[in-house]
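K.L.:
Pasted the sequence and its predicted model underneath.
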There are 2 protein chains.
Amino acid sequence: MADHIHPVFERMLTRSEREQRLGQRAKVLWFTGLSGSGKSTVAIAVEHALFEAGHFAQLLDGDNIRSGINNNLGFSLEDRRENVRRIAEVAKLYKESGVITLCSFISPTREIREMARQIIGPEDFLEVFVDTPLDVCESRDVKGLYAKARRGEIKGFTGIDSPYEAPEQPFLHLKTEDAAPEESAGQVITAVNSIIQLK
Amino acid sequence: MADHIHPVFERMLTRSEREQRLGQRAKVLWFTGLSGSGKSTVAIAVEHALFEAGHFAQLLDGDNIRSGINNNLGFSLEDRRENVRRIAEVAKLYKESGVITLCSFISPTREIREMARQIIGPEDFLEVFVDTPLDVCESRDVKGLYAKARRGEIKGFTGIDSPYEAPEQPFLHLKTEDAAPEESAGQVITAVNSIIQLK
């Protein structure tokens, strides 16, 4: 019985073993930008492009996070921090699994993105600034949120009555105003291609 | 510019596309049992065995969850529920990514495991009861927790002053007392093998 105390394997599979299996280096691409900037649209295009190139990536965004692990959080400052903290922790788990992880969240302040960077690990955190002017985002207003914010029906809306702090030195600065999403996605792929290759 | 409103791809990659790529069906194996029952030891052996068989699996256990996404939770009843809720949500994300997910947590009550089952989806939730008698777990006491619980230094310790409710109809019932961990792992592999194969 004493043998049972000692695990057959002392440890879980390592990130390196998983990366070898998937044929890639895992990184976290953190897409930040205003609501309606096209973050998720670009990230979805990147996910598909990576997949077609033989990689294995996973997008985390409002659709699969707010409805699940973060479904008990609101929009207070404290809850927004906890929202991003949990996202960063999930992204870290995925990265340790060897998966290229794409996170698409407004994450409006430098402080909140710095927290994510520290949780994920600075060497694995690649910040992608989806830079779309406020007036363009507001004119799209796909979900009608800007209209509501202007009418005061939503408080603390980023860009309207809550600040968005642009990244100072992002890994990649995408100016989307005159670019189709697939062009922006192409810029991302070009920028990460050498980083995600196994040497 | 109007084109930018419509995503190039309407949706993220599907679970099915990911399963095809990884060559497997994704399921969640939920290992439940007392502290010291050998849950994680067996689950680690299963993770390695699946990997060697060409599958892609990820173990979630106290080591990577309590230190990360659940590092702001204590051991109150409310926090224990939130602990398992978040684990189940992470497991669901992994499953949707096409990854075979192994969860190793005491998860002592039927109600708490039922919550996990509902979050993950009953058809994807495979409960593995790691059935090791309390006296065996206590005699191992790898982390000295049972001794502390007996001295009253830990309150609400499962098996001592907090109940463990054994699963009534688990997917798999492992009696580990007279089995080496690799034997138990072999039983798991045999039980799931046909389920995780792509048809």
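P.N.:
Thanks, I have the structure now.
K.L.:
so what's the residue most central in space within chain A up against?
P.N.:
With distances taken as C-alpha atoms, centre = their mean, residue A:103 lies nearest the centre of chain A, 1.4 Å away. Listed by C-beta atoms under 8 Å, 6 or more residues apart in numbering or on different chains, the contact set of residue A:103 reads A:28-31, A:59-61, A:87-88, A:91, A:116. Placement of C-beta: from N, CA and C, glycine included.
K.L.:
Recalculate using a threshold of 10 Å.
P.N.:
Going by C-beta atoms under 10 Å, 6 or more residues apart in numbering or on different chains, residue A:103 touches A:28-32, A:39, A:43, A:58-61, A:65, A:84, A:87-88, A:90-91, A:94, A:116, A:120, A:125, A:128.
K.L.:
tell me the SS of it?
P.N.:
Put simply, residue A:103 is strand when judged by DSSP: H, G, I helix; E, B strand; the rest coil.
K.L.:
Specify the beta-bridge partners of it.
P.N.:
residue A:30, residue A:60 (DSSP bridges).
K.L.:
mind listing what residue A:195 touches?
P.N.:
Counted by C-beta under 10 Å, 6+ apart, residue A:195 has contacts A:24-25, A:27, A:29, A:100, A:124, A:126, A:171.
K.L.:
Among those, find me the one that's closest to chain B.
P.N.:
For those, the residue nearest chain B by C-beta to the nearest C-beta is residue A:100; the value is 11.4 Å.
K.L.:
Name the secondary structure element that contains residue A:81.
P.N.:
helix A:77-96 (DSSP states H and E).
K.L.:
List the buried residues of that helix.
P.N.:
A:80, A:82-96 (16 or more other C-beta atoms under 10 Å in any protein chain shown).
K.L.:
Then stretch A:179-191?
P.N.:
Buried-residue list, stretch A:179-191, by 16+ other C-beta under 10 Å: A:179-181, A:184-189.
K.L.:
what's the answer for stretch A:38-56, then?
P.N.:
Applying 16+ other C-beta under 10 Å to stretch A:38-56 flags A:38-51, A:55-56 as buried.
K.L.:
farthest pair in those residues?
P.N.:
Maximum pairwise distance among these (C-beta to C-beta): 23.7 Å, between A:38 and A:56.
K.L.:
Distance of the residue nearest to the centre of chain A relative to residue A:196?
P.N.:
Taking C-beta to C-beta, to the nearest Å as the measure, residue A:103 falls 16 Å from residue A:196.
K.L.:
could you point out the longest strand in chain A?
P.N.:
Longest strand in chain A, counting residues (DSSP state E): strand A:125-131.
K.L.:
does chain B sit close to that strand?
P.N.:
No: residues of strand A:125-131 contacting chain B under C-beta under 10 Å from any C-beta of the partner chain: none, with a closest distance of 11.5 Å.
K.L.:
Now do that strand: distance to the chain's middle.
P.N.:
8 Å (C-alpha atoms, centre = their mean, to the nearest Å).
K.L.:
Just checking: what are the partner strands of that strand?
P.N.:
strand A:28-32 (parallel), strand A:172-175 (parallel).
K.L.:
any idea which of these is most buried?
P.N.:
Ranked by mean neighbour count under mean count of other C-beta atoms under 10 Å in any protein chain shown, the strands paired with strand A:125-131 are led by strand A:28-32, which reaches a mean of 28.
K.L.:
got the angle between it and helix A:77-96?
P.N.:
150 degrees (axes from the mean of the first three to the mean of the last three C-alpha atoms, to 10 degrees).
K.L.:
ok, then the element right after strand A:28-32?
P.N.:
Downstream of strand A:28-32 (by DSSP H and E), the next one is helix A:39-52.
K.L.:
ok, of the buried residues of helix A:77-96, which one's closest to chain B?
P.N.:
residue A:89 (3.8 Å).
K.L.:
how much space between the closest one and residue B:134?
P.N.:
Taken as C-beta to C-beta, the span from residue A:89 to residue B:134 is 33 Å.
K.L.:
In JSON lines, list the buried residues of stretch A:179-191 along with pLDDT and secondary structure.
P.N.:
Below are the buried residues of stretch A:179-191 laid out as JSON lines (pLDDT from 0 to 100; DSSP: H, G, I helix; E, B strand; the rest coil):
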{"residue": "A:179", "pLDDT": "91", "secondary structure": "coil"}
{"residue": "A:180", "pLDDT": "91", "secondary structure": "coil"}
{"residue": "A:181", "pLDDT": "91", "secondary structure": "helix"}
{"residue": "A:184", "pLDDT": "96", "secondary structure": "helix"}
{"residue": "A:185", "pLDDT": "96", "secondary structure": "helix"}
{"residue": "A:186", "pLDDT": "96", "secondary structure": "helix"}
{"residue": "A:187", "pLDDT": "97", "secondary structure": "helix"}
{"residue": "A:188", "pLDDT": "98", "secondary structure": "helix"}
{"residue": "A:189", "pLDDT": "97", "secondary structure": "helix"}
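K.L.:
just those now: which is nearest residue B:163?
P.N.:
Once C-beta to C-beta is applied, the member of the buried residues of stretch A:179-191 that ends up nearest residue B:163 is residue A:188, at 51.4 Å.
K.L.:
Any stretches of chain A with poor pLDDT?
P.N.:
A:1-10 (pLDDT under 70).
K.L.:
ok, 90 please
P.N.:
A:1-12, A:62-64, A:66-67, A:74-78, A:80, A:142-143, A:155-156, A:177-178, A:199 (pLDDT under 90).
K.L.:
so what's the residue nearest to residue A:56 when sequence neighbours are not counted up against?
P.N.:
For residue A:56, ignoring the flanking residues on the chain, the nearest one in space by C-beta to C-beta, 6 or more residues apart in numbering or on different chains is residue A:22 at 4.9 Å. Residue A:22 makes contact with A:54-57, A:97-100, A:198, B:21-22, B:56 under the criterion C-beta under 10 Å, 6+ apart.
K.L.:
what does residue A:163 give?
P.N.:
A:108-109.
K.L.:
Tell me how far it lies from chain B.
P.N.:
24 Å (C-beta to the nearest C-beta, to the nearest Å).
K.L.:
Great, nothing more from me.
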